[in-house]
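*Asks:* Got a sequence here, can you model it:
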Amino acid sequence: MQLTKEQKAELVKEFGGTEKDTGSAAVQVAILTERIKNLTAHRKDHIHDQSAKRGLMILVGRRRRFLNYIDRKDHNAYLELIKKLGIRK
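*Replies:* Just a heads-up that it's a prediction; the model follows:
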């Protein structure tokens, strides 16, 4: 299931500085995390869906790169973000 405009707007408001701050790394990590949660739930029901598995791995890699960037720039913000999103280190 795709994220709705309202869900994305909530994530932007919560993790971004302003309502129009959609490009910051923290907002993008939050949006990717929601997409990963949705795709993981889909994979539990459809185990043999290999294209969904590939898409999931791509999203996880993209999120990891954003998290590495945040960690390099501001380690405390990184720790706060992963705690808020419930992501393992």
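*Asks:* what's the average pLDDT for the longest helix along the chain?
*Replies:* Determined from DSSP state H, the single longest helix within the chain is helix 50-73. Averaging pLDDT along helix 50-73 yields 97.
*Asks:* Would you map the helices across this structure?
*Replies:* 5-15, 25-45, 50-73, 75-85.
*Asks:* Same list as before, those helices that is, but in CSV and with mean neighbour count included.
*Replies:* The C-beta positions use only the backbone N, C-alpha and C, and glycine is treated the same way. Formatted as CSV, the helices of the chain follow (neighbours: other C-beta atoms under 10 Å):
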stretch, mean neighbour count
helix 5-15, 14
helix 25-45, 17
helix 50-73, 14
helix 75-85, 14
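*Asks:* which residues touch Lys73?
*Replies:* Neighbouring residues of Lys73 by C-beta atoms under 8 Å, 6 or more residues apart in numbering: there are none.
*Asks:* Quick check: the gap between it and Thr33.
*Replies:* 19 Å (C-beta to C-beta, to the nearest Å).
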